[in-house]
Every structure is written in structure tokens, then in C-alpha cells.
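Participant: Give me a 3D structure for the following:
(2 chains)
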Amino acid sequence: MEDEDFIQRLKAGDKAAFNVLVSSYSKKVLNTCFRFLLDKENAEDISQEVFIEVFQSIHSFRADAKLSTWIYRIAVTKSLDEIKKNNRKKRMVSIGKILHLDDVAHWIAGGTRADKSLHEKEKMEQIKQALNKLPDSQRIAFTLSKIEGYNNAEIAEIMNTTTIAIESLVYRAKKKVSEELETILKK
Amino acid sequence: MKKTALNNKVILMLNELDAIEDIHPSENWNQSLMDKLTVSKPASVSIFPSKKLAIIVLFIVLINVGYIIGTVINSSKHDIHRNNVLQVISKEFLINPTSINN
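Facilitator: Numbers count the residues shown, from 1 in each chain, chains lettered A, B, ... in the order given. Modelled structure (predicted):
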């Protein structure tokens, strides 16, 4: 999968090679996006965007990193961008609610109501709120550390840092998330 | 809420976050991706919009530079011609200050 010949086939636009790549990485990319976004539909869309980006920029891939590392980096960046976009949307919804524009707020929010129970949804929102307070580096390290298949060495490679730094980032992230959850639950 | 109860609730929530199970792509995920891929092209094939914009800006800058250089050359030629005319006038009509002293 990582060999030069396979990468050359991808760069040449070989459709079969790309299909092999998608089937090999789709599950891990999808679950990476899901762990960041905590929403299946959103994660499916973003994971597709990851593969489109891979397809479009494979020619610029240099072998200074592993192909898998490069793909997971794209997945992390795309997921963080989506989180920021969703947070902006949420702020707009809050403004809509303040101004009593309930219909507009509902439309901005996506227009559909999740079928999960309200309690479950609320709990997930609280976790998301706490995670949103983390700096990007802590969030990436913390989230990836929760996904099966990523070890500290691989996370360090994706984040271009050392395994010791990852351990410290995960520790600080866990502490901060706990503090934030405490603050949220106190309200 | 008491501190211990609060701590327990936080721990429960963190455990729930840990316990999130892996998801599987839905049935049409692959097909939908392939549909999107057929629409999109590799970046090397299509010129990136900002690259197009840069080319247009460069073209405008080159036209402007050409116009400025042309104007400068023309005006310097005009200046030389005017200087020559003035020299002729001064030679023919103006009295040399040294001749007045004499």
C-alpha cells in the first residue's frame, strides 16, 4: 500500500488503485471523522471529502511522510474545519433564538430533528461543548488517542511531534475536559 | 450538586466518550463517493481559480508597465526636442550677459 509503485499508479490516475486505497482506508478515515464530529451523517460527508481531496492532490504528495499519515492528516484537518463551521452555525442559531426567529434558527440548524432521545442528545452536546474548549493540538491528540488503531507514535507522526509531547497533550486535554464538564454540569 | 456526585457524573460522561463504538459506512457511501469523484478532477488537470486570478493580475500589471515605459520614452524625446528649440532661441535672440559688461 505504501510502496512507490502504488503511489505512482495513484498519481497517474489509476482508478483501480484508487478503489484499493478507498477500501483500505475508508473505515479508519470515517471513524476518525466520526470521533471528531460525533455525528454519523456529518462524518460520512467529511470522509468523502477527505478522499476527494486525496484524489485531487495526490500529485503533490511527497514521500517524506507515509501515505496513511498524509491521509489521516487530511481527515483531521477536514474534521476540525467542519467543527469550526458547525460552531459558527450554532452561534447564528443562538442569535436567531435571541431575536425569536425560531424558524430561521431551525433552518440554519439543518431543518431536521435528530431521532435520538432528548436526554442523549443533550449529553452529547455537553461533551461536544467541553471538547470545543480544547486547543486544536490537545483536541487532536485526545480524540485520536480514543480511536482504536492509533498509537502514540502514529499520532505523533500525524501531528509532527514526539510521543512524549502526545502523552502530555492527552493528559492535559483529559484534565481540561473534566473541568469543562464540571462547569457545564454545575450550570 | 455535591462534589462527589458531580465527579461521578463527569467520569460517567468520559467513560461514555470512551465507549463510543466504531461506525460502518452506509450502503450508498461508496457509490456516492464515486459519483462525487467523477464530477471532480485532479487539481493538476484543472487550473486552480487563484492561479487564474494571478495570471489576469500579472497581465494587467504588464500592460500598465508597458504603458508607463512608453509614456516615459515619449516624454523624454519631447523634452530633448524642446531643449533643442530653446537652445536655438537663446542663441539667436538672447544677448550674452558678458557682452553687456563689455
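Participant: which element follows the helix or strand of chain A with the lowest mean pLDDT toward the C-terminus?
Facilitator: The helix or strand of chain A with the lowest confidence, counting by mean pLDDT, DSSP states H and E, is helix A:102-108 at a mean of 59. Proceeding N to C from helix A:102-108, the next assigned helix or strand is helix A:118-132, under DSSP states H and E.
Participant: Tell me how many other residues crowd residue A:154.
Facilitator: For residue A:154, the count of nearby residues is 17 (other CB atoms under 10 Å in any protein chain shown). Just so you know, the C-beta spots here come from the backbone N, C-alpha and C atoms, and that holds for glycine as well.
Participant: Skip the chain neighbours and tell me the closest residue to residue 7.
Facilitator: All of this is about chain A. Excluding the flanking residues, the one nearest residue A:7 by CB to CB, 6 or more residues apart in numbering or on different chains is residue A:67, at 6.4 Å.
Participant: Hmm, no, I was thinking of chain B.
Facilitator: Nearest to residue B:7 is residue A:182, by CB to CB, 6+ apart, at 7.7 Å.
Participant: same deal with residue A:123?
Facilitator: Spatial nearest neighbour of residue A:123, excluding adjacent residues (CB to CB, 6+ apart): residue B:13 at 6.8 Å.
Participant: The one you found contacts residue A:127, correct?
Facilitator: Yes. Using CB atoms under 8 Å, residue B:13 makes contact with residue A:127 at a distance of 6.0 Å.
Participant: Mutual contacts of the two, please.
Facilitator: residue A:181 (CB atoms under 8 Å, 6 or more residues apart in numbering or on different chains).
Participant: and the residue nearest the centre of chain B, what element?
Facilitator: Taking CA atoms, centre = their mean, the centroid of chain B lies closest to residue B:54, which sits 5.7 Å from it. Element membership for residue B:54, per DSSP H and E: helix B:49-93.
Participant: Next, see if that helix gets close to chain A.
Facilitator: No. Using CB under 8 Å from any CB of the partner chain, we find that helix B:49-93 stays clear of chain A, coming within 13.3 Å at best.
Participant: if you average pLDDT over that helix, what comes out?
Facilitator: For helix B:49-93, mean pLDDT rounds to 84.
Participant: Repeat that for stretch A:48-57.
Facilitator: Mean predicted lDDT for stretch A:48-57 stands at 94.
Participant: Return the set of buried residues in that stretch.
Facilitator: Neighbour-count burial for stretch A:48-57, counted by 16 or more other CB atoms under 10 Å in any protein chain shown, picks out A:48, A:49, A:50, A:51, A:52, A:53, A:54, A:55, A:56.
Participant: Out of those residues, which two sit at the greatest distance?
Facilitator: Largest separation among the buried residues of stretch A:48-57 by CB to CB: A:48 and A:56, giving 12.6 Å.
Participant: Nothing else from me, thank you.
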